[in-house]
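**Q** Next comes the sequence, and after it the predicted model I'd like to discuss.
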Amino acid sequence: MADDTYLLDFEKPLYELEQKLDEMRTLNQDHAEDLSAEIEALEERVEQLRVSIYRNLTRWQRVQIARHPQRPYTLDHIEALTENFVELHGDRRFGDDRAIVGGFAQFQGAQYGHRDRTVMIMGHQKGRDTKERKFRRFGMPNPEGYRKAERLMKMAAKFNKPVVTLLDTPGAYPGMEAEERGQAEAIARNLFEMARLPVPIIVVVIGEGASGGALGLGVGDRVLMLENAWYSVIAPESCSQILWRSWDYKEDAARALKLTATDLVDVNVIDEIVPEPVGGAHRDPKATFNAVGNAIGAALNTLSDRPTDTLLDDRLARFDRIGAYDQRTAAESPVGS
Amino acid sequence: MAWFHRKKAGILTKRDDQNEVPEGQWVKCPKTDEIVNRREVEDNLLVFPGSGYHFGMSSHRYFDLLFDDDSFTFHDTDLYSTDVLDFEDRKPYSQRLEDAQKKTSQNEAVQSATGPVGGHMTSIAAMDFSFIGGSMGSVVGEIIARAIKRAYTNGYPLITITQSGGARMMEGALSLMQMAKTSAHLTRLEDAGLPFISILTHPTTGGVTASFAMLGDIHIAEPEALIGFAGPRVIRETIGSDLPEGFQRSEFLLEHGFVDMVVDRRQLQRRIITLLDLLMEDNA
């Protein structure tokens, strides 16, 4: 691993062992000593440790991977999966929000079991360095971001192109101007318009799926989710703050919220888990893009040529069946009515 | 990487959301400190006489206010939340549910009914802040979705009355998806050409505002209600300073174009009937 690798705390023991292994290999190559037996033993230990760390990730550790500063972001996915991406800007009402990017592009579907075709692709965009993070407002959109997305989706419908959305946000921006310009209305409008958009919509949760800010791009026919992404009603830190009255219970909150892909496929919030390379998407971005491309290709195969009425009825039904409840008879219920 | 910044430990700010008429025989106006007999407030739709301060009102009282006489039917009072995530913070969710059911004598944070309003058969869903902060989990979402469905399958107009802290944390992503579910059903009401009047009362925030409550044809807010997406405390922490007077209140939303009118609760019934008369003239 390169030295500029950003290490999460639980990865450190593995990193140390890997470094030791590198040193021994160097020594061995220099023929200073014959270490092949030791190297073999250490390689085995490294592999065992790697498997034990990454196969048993806690929910909080996955949240950390989802936020890894080297994780592929929306524009990285777009660049890898499409050709001729033409970014479109602005909501035509107020401004252009840099926390959401989108435009037409040619999905390289022939490489992913589908066919090459024009799609409208968009998503939340985070920044890599301090300057860009600020420019992208940490991937937290203002209302004009959602309104730009709405405009682009309606344009996709006009030209009969499928829509692909990539979700990666710590939440909609909680600022004064966002409220003045109707953050709630902007998100609500997107839920409504996406529910009735007469073209296929494929949603991929690629990183953080925090609350209404994520869902504002998240209504679709197929909802896919990368293995280490998280998606929930609130970020673990904020949940800890509200329910435990302290910031210190984020790990408990992450556990309680059941926010991982494995948790969510069980309750039909997502349709499919897109596997990541061992250690997370950032360890092997190429393999990640390939998995995402294949999942999008397969979804497009399923959804293309479906009559609009069927598409929209199924989309409504998909969201209608999410949720758990008991129907109790009057005798069982403690409440008279 | 953290986008959240802890300014001070713990919650020091006063909660903006508790608005029940206090216990006891005498009631003090939170605005003017004037004191009157509780009866006077109760008999005035929980509006403080003189100052016009609006206390929170229950779903059942809104039904009594809006429906003609007692001619309405409750629906879905047999739907109960389950602790599907086995959620436990300082208290298990199942316990929170049980406590809320006992406290409110209701199954959930929303009640739904149909009946005539000024002679127009109408589907109404009204929320109760007293039930886990009026939060929207699976059952609240389902009851609202059914109320919308009841409207578009029967050709009724829809009215929702909201008071909610947002989506219910204890059901995780399932709560979040209720925003999509309720909004998706509203597209069918739109197709049917039926009116949706959204009445926003104090407080309406988070996932409820960011879904069905902001999708009405007509938005009516009660005076000085807190209406927004992010809560004031979160915004204060983001910007690192206090918020201007009246920020995220009904009058602020009127000024910024997100509600059609601010209506005193004592005029609400008349205004609703006028609107229904105008919009439903062909269906009378």
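**A** The structure has been received and is ready for your questions.

**Q** ok, the residue nearest the centre of chain A - contacts?
**A** Note on chain A: the residue nearest the mean C-alpha position is A:I206, at 2.2 Å, using Cα atoms, centre = their mean. With contact set as Cβ atoms under 8 Å, 6 or more residues apart in numbering or on different chains, A:I206 has these partners: A:P72, A:Y73, A:T74, A:H77, A:G123, A:L166, A:L167, A:D168, A:L226, A:A229, A:A281, A:V292. (Each C-beta comes from the backbone N, C-alpha and C, glycine too.)

**Q** how about it, secondary structure?
**A** For A:I206, the assignment made with DSSP: H, G, I helix; E, B strand; the rest coil gives strand.

**Q** B:V84: how many residues sit nearby?
**A** By other Cβ atoms under 10 Å in any protein chain shown, the residues close to B:V84 number 19.

**Q** Mind pulling up the pLDDT for residue 226?
**A** In the absence of a named chain, this looks at chain A. Looking at A:L226, its pLDDT stands at 98.

**Q** wait, chain B
**A** 97.

**Q** is it true that B:R265 touches B:Y53?
**A** No: look at B:R265 against B:Y53 with Cβ atoms under 8 Å: they stay out of range, at 10.7 Å.

**Q** Which residues are in contact with each of these two?
**A** Common neighbours of B:R265 and B:Y53, using Cβ under 8 Å, 6+ apart, are B:V47.

**Q** Inside strands: which ones of the contacts of A:I206?
**A** Counting by DSSP state E, the part of those found in strands is A:G123, A:L166, A:L167, A:D168, A:L226.

**Q** helices or strands up against the top helix by length along chain B?
**A** The single longest helix within chain B, with elements called by DSSP state H, is helix B:172-191. If you count contacts as 3 or more Cβ pairs under 8 Å, 6 or more residues apart in numbering or on different chains; DSSP states H and E, helix B:172-191 packs onto helix A:183-195, helix A:211-215, strand A:230-232, helix A:250-257, helix A:308-320, helix B:138-154, helix B:206-209.

**Q** avg pLDDT for that helix?
**A** On average, the pLDDT along helix B:172-191 is 98.

**Q** hmm, back to that, can you lay out the contacts of A:I206 as a markdown table showing neighbour count?
**A** Shown next, in a markdown table, are the contacts of A:I206 (neighbours: other Cβ atoms under 10 Å in any protein chain shown):
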| residue | neighbour count |
| --- | --- |
| A:P72 | 23 |
| A:Y73 | 21 |
| A:T74 | 26 |
| A:H77 | 25 |
| A:G123 | 28 |
| A:L166 | 30 |
| A:L167 | 28 |
| A:D168 | 27 |
| A:L226 | 29 |
| A:A229 | 30 |
| A:A281 | 28 |
| A:V292 | 24 |
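
**Q** which stretches of chain A form strands?
**A** Using DSSP E, the strands found in chain A span residues A:82-87, A:100-108, A:116-124, A:163-169, A:201-210, A:222-226, A:230-232, A:272-274, A:325-327.

**Q** wait, chain B
**A** Secondary structure of chain B (DSSP E): strands located at B:26-28, B:35-37, B:73-75, B:79-81, B:110-117, B:120-127, B:158-164, B:196-204, B:218-221, B:261-262.

**Q** Out of the ones you listed, which one sits most buried?
**A** Per residue and on average, the most neighbours among these fall to strand B:158-164, with a mean of 28 (mean count of other Cβ atoms under 10 Å in any protein chain shown).

**Q** Partner strands of it and their direction?
**A** Strand B:158-164 pairs in its sheet with strand B:120-127 (parallel), strand B:196-204 (parallel), by DSSP bridges.

**Q** next one: that strand to chain centre, how far?
**A** In terms of Cα atoms, centre = their mean, to the nearest Å, the centre of strand B:158-164 is set 5 Å apart from its chain centre.

**Q** now stretch A:13-28
**A** How far stretch A:13-28 lies from its chain's middle: 33 Å, per Cα atoms, centre = their mean.

**Q** mind listing what's buried in it?
**A** By neighbour count with 16 or more other Cβ atoms under 10 Å in any protein chain shown, stretch A:13-28 contains the buried residues A:L14, A:L17, A:E18, A:L21, A:M24.

**Q** okay if I get the residues you listed as a markdown table plus pLDDT and distance to B:T73?
**A** Converted to a markdown table, the buried residues of stretch A:13-28 look like this (pLDDT from 0 to 100; distance: Cβ to Cβ, whole Å):
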| residue | pLDDT | distance to B:T73 |
| --- | --- | --- |
| A:L14 | 91 | 63 |
| A:L17 | 93 | 68 |
| A:E18 | 91 | 68 |
| A:L21 | 93 | 73 |
| A:M24 | 89 | 78 |
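
**Q** any idea which of the strands of chain A is most buried?
**A** Sort the strands of chain A by mean neighbour count, taking mean count of other Cβ under 10 Å, and strand A:230-232 sits at the top with a mean of 31.

**Q** Can you name every helix or strand that that strand contacts?
**A** Helices and strands touching strand A:230-232, by 3+ Cβ pairs under 8 Å, 6+ apart, are helix A:59-66, strand A:201-210, helix B:172-191.

**Q** Show me which of these has the highest average neighbour count.
**A** Comparing the helices and strands packed on strand A:230-232 by mean neighbour count (mean count of other Cβ under 10 Å), strand A:201-210 comes out on top with a mean of 28.
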